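S.K.: I'll drop the sequence and a predicted model, then ask my questions.
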Amino acid sequence: MRSVSAPRRGTLSVAAVGAAAALVLALAACGGGGSSSNNSTNSAGGSGVTTTSSVKQGGSLTFALDEDIAGFNILNANQAEFVTAEILDQVWPSVYIVQPSLKPVLDTDVVTSAKLTQKNPQTVVYQINPKATWSDGVPVNAEDFIYNWQAQSGSSKYKDVGGKPYEAASTSGYNQIKSVTGSNGGKTVTVVYSNPFGDWKALFSPMIPAHISKKVGFNDGWSTFGSAAKVSAGPYMIKSYAKGSNLIEVPNPKWWGKKPNLSKIVFRFILDDSQQAPAVQNNEVQMVNPALPGLDYYNSVKNIAGFNVNVEPGLEFQHMDFNEANPYLAKVQVRRAIAWGTNRAEIAGRTGGEISKGLGPLQNRIFLTTQPEFKDESGIYGKYNPSLAKKTLQQAGMTMGSDGYFHPNFGPQKGKDFTLSISTTNGVPVRSDIEQLFKNDMKQIGVKINIVNYTADKLFGTIGPKGEFDIIEFAWVNTPFASGNQPIYCSYTNTTVCGENWDHYANPQVDQLFNKALATLSPEQATAVYNQIDGILWKDMVTLPLFQQPQLFGWSTKYTNIVPNTSSIGIPWNANEWGLKAS
């Protein structure tokens, strides 16, 4: 998933699905000029303003997705995929919608106002649009806010159906709320915080329908397609889903805002990226946004007649996670040795760098290179040093064997070749290239690597969340709300908060610093703390960032009002305005 975040093509941390702060990405900062073909007209791409060209009413658009979904509840720890966020952009309501400029803008179709009325205790008052109604006729009201808070609060006081604890992808921010109450017939919502939360605009974006989820269950009721998944409070609603094939959305007849232009949006699952360009050429799909495009993919689509191609740096980064439940990866010396032995500059240059020249290793997990908050916190731990890697493995209790591989002097592999597996998603050539380059690097330092890949729904629905891996490679898709990183790196023993900590990492100092950053209302002070956290994460070598992912957006020139969005909300953020050109 792109999972902060959401994985993509990695997993998505739900806090990252929320709105984004006012940050602007500059393509040049990613190491190259923008790439486009067929005279792309995306002039609104960085302004946060949607184009409003005249369009025909009706017609359909098919969007190729390179992952199937693990379920329909983006807020659930086992279903939080970037592709699911894209599908739900036009279905579930959000208080704030992140713009292409990465500014959060209030969706007045849903909430007419959201005001921070006092700081001590921090209190936010929402006025729900009187017209806001779920497609089954139930009003959007305070009960939706209350349920969405309770399900993501991490508190043992609140239980899912059957008395089970809620399995939220993230509790960040929600766990700092003291109370949510309704008044004015349920159309006014007052949220009082027990501790300050600077990123409060990230919350309640999106919201699951409370009256449905209370019946079917937050954890399991959304794992398969059914009547629950068809309920909408957005411009579109899900009509049908065929696993491994497609998902179809049609206009929501109960939508009270401006009616969408297209009569149908088809999300088609094409899991092998090499098959997407032929589908574009044959007009089987009219839009693409691959997880990890390489030069072959770029070349295959850029010269297709009548097809726009844009390449922009996204709030997305490729990385490798180390599962500390593995007795060898539990040793920080082993994790550091792997990092020192990985030529990240070569990996970046030979993968993402092929379409974004000058792309180098990413030196921060919390902030990306194009964000003004970015600071290189990697120190000695972010340097390529294979000699130091070998020395460190010896210090960790390993002896070089005659076959060129280290042999551990302890644990289940004692006296054998030191072997680890790496896993990622099937059907993504660039990910396969990353794995092969990594395998070659590890051979040079005496570590044997086995490649074991899975379908995206299994990798992000089972393998990752259950910790059934040694090393896993995927992407996090962030928003500039840095608080969304807490569930990835806070101590795994706190399962109610750290639902996306797949690596069994725990450091009380990191927990304390996250709590401090989240409670800081000053953005400058919070930034300093988040960068301090990243410095510790480098020292502990929790994960190994690879590179900031260039995003490729492509769409047919027959359509207009399409504006790429590089945050975790994805390009369908304004799909209600998409349409066939009038002339």
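M.R.: In hand now; what should we look at?
S.K.: And the lowest mean pLDDT element among the helices and strands of this protein?
M.R.: strand 35-37 (a mean of 35; mean pLDDT, DSSP states H and E).
S.K.: For the following helix or strand past that strand, give the mean pLDDT please.
M.R.: Note on strand 35-37: by DSSP states H and E, the next helix or strand toward the C-terminus is strand 60-65. Throughout strand 60-65, pLDDT has a mean value of 98.
S.K.: Could you list the buried residues of strand 60-65?
M.R.: Buried residues in strand 60-65, counted by 16 or more other Cβ atoms under 10 Å: 61, 62, 63, 64, 65. For every residue, glycine as well, the C-beta is placed using N, CA and C.
S.K.: The fourth one against residue 271, yeah?
M.R.: No: when contacts are counted by Cβ atoms under 8 Å, residue 64 is not listed as touching residue 271 (9.8 Å).
S.K.: what number of residues lie near residue 117?
M.R.: Residues lying near residue 117 (other Cβ atoms under 10 Å) number 11.
S.K.: Output the contacting helices and strands for the strand or helix carrying it.
M.R.: For residue 117, the enclosing helix or strand under DSSP H and E is strand 111-119. On a contact count with 3 or more Cβ pairs under 8 Å, 6 or more residues apart in numbering; DSSP states H and E, strand 111-119 meets strand 122-128.
S.K.: just checking, what packs against the strand it packs on?
M.R.: strand 111-119, strand 188-193.
S.K.: what angle do that strand and strand 111-119 make?
M.R.: With axes from the mean of the first three to the mean of the last three Cα atoms, to 10 degrees applied, the angle from strand 122-128 to strand 111-119 works out at 160 degrees.
S.K.: so how far is the longest strand along the chain from its chain's centroid?
M.R.: Longest strand of the chain, by residue count under DSSP state E: strand 307-322. Distance, stretch centre to chain centre, for strand 307-322: 11 Å (Cα atoms, centre = their mean, to the nearest Å).
S.K.: burial measure for residue 179, as a count.
M.R.: So residue 179, with other Cβ under 10 Å, has 13 neighbours.
S.K.: can you list the weak-confidence ranges in the stretch 401-550 of the chain?
M.R.: The model of the stretch 401-550 of the chain has pLDDT under 70 over residues 496.
S.K.: re the thing from before, what lines up beside the strand holding residue 117 in the sheet?
M.R.: strand 122-128 (antiparallel) (DSSP bridges).
S.K.: other SSEs contacting the longest strand of the chain?
M.R.: Using 3+ Cβ pairs under 8 Å, 6+ apart as the contact test, the elements touching strand 307-322 are strand 35-37, helix 295-302, strand 471-477, strand 543-556.
S.K.: As CSV, could you dump the C-alpha coordinates of the last one?
M.R.: Coordinates of each C-alpha in strand 543-556 appear next as CSV, following Å, rounded to 0.1, in the frame of the first residue of the first chain:
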residue,chain,number,x,y,z
THR,A,543,13.1,1.0,9.3
LEU,A,544,15.3,2.0,6.4
PRO,A,545,14.0,4.8,4.2
LEU,A,546,14.9,4.3,0.6
PHE,A,547,13.7,7.3,-1.5
GLN,A,548,10.9,9.8,-1.9
GLN,A,549,8.6,8.3,-4.5
PRO,A,550,7.9,10.2,-7.7
GLN,A,551,4.3,9.9,-8.6
LEU,A,552,3.1,9.4,-12.2
PHE,A,553,-0.4,10.5,-13.1
GLY,A,554,-1.8,9.8,-16.5
TRP,A,555,-5.3,10.4,-18.0
SER,A,556,-7.0,10.7,-21.3
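S.K.: so what strands line up beside that strand?
M.R.: Using DSSP bridges, strand 543-556 pairs in its sheet with strand 287-288 (antiparallel), strand 307-322 (antiparallel).
S.K.: From the chain's centre, how far out is it? Work that out for me.
M.R.: 12 Å.
S.K.: got the contact list for the helix or strand just after it?
M.R.: Later in the chain than strand 543-556, the nearest helix or strand by DSSP H and E is strand 559-560. Under the contact criterion Cβ atoms under 8 Å, 6 or more residues apart in numbering, strand 559-560 has outside partners 51, 53, 55, 61, 286, 287, 578, 579, 580, 581.
S.K.: Narrow those to those that are buried.
M.R.: 51, 55, 61, 286, 287, 578, 579, 580.
S.K.: for the helix or strand hosting the last one, what is the average pLDDT?
M.R.: Secondary structure here is read from DSSP H and E; on that basis residue 580 sits in strand 579-580. Here the mean pLDDT over strand 579-580 is 97, rounded to a whole number.
S.K.: Return the distance of the most far-flung residue of the chain relative to its centre relative to residue 414.
M.R.: Farthest-out residue of the chain from its mean C-alpha position, per Cα atoms, centre = their mean: residue 402, at 43.5 Å. Here the criterion is Cβ to Cβ, to the nearest Å. By it, residue 402 lies 16 Å from residue 414.
S.K.: re the thing from before, nearest to residue 227, out of the helices and strands packed on strand 307-322?
M.R.: strand 471-477 (29.5 Å; Cβ to Cβ).
S.K.: packing partners for the following helix or strand past that closest one?
M.R.: Downstream of strand 471-477, the first helix or strand assigned by DSSP H and E is helix 486-489. Here helix 486-489 touches helix 508-518, going by 3+ Cβ pairs under 8 Å, 6+ apart.
S.K.: Same question for the helix it packs on: list its buried residues.
M.R.: Buried residues in helix 508-518 (16+ other Cβ under 10 Å): 510, 511, 513, 514, 515, 517, 518.
S.K.: Tell me the spatial nearest neighbour of the third one, not counting adjacent residues.
M.R.: Think residue 513. Leaving aside its chain neighbours, residue 513 sits nearest to residue 533 (5.0 Å; criterion: Cβ to Cβ, 6 or more residues apart in numbering).
S.K.: Surely the one you found forms part of a helix?
M.R.: Yes: assessed with DSSP: H, G, I helix; E, B strand; the rest coil, residue 533 lies in a helix.
S.K.: all strands in the stretch 201-350 of the chain, in order from the N-terminus.
M.R.: For the stretch 201-350 of the chain, the strands defined by DSSP state E, counting those that start in this stretch occupy 236-242, 246-251, 264-269, 287-288, 307-322.
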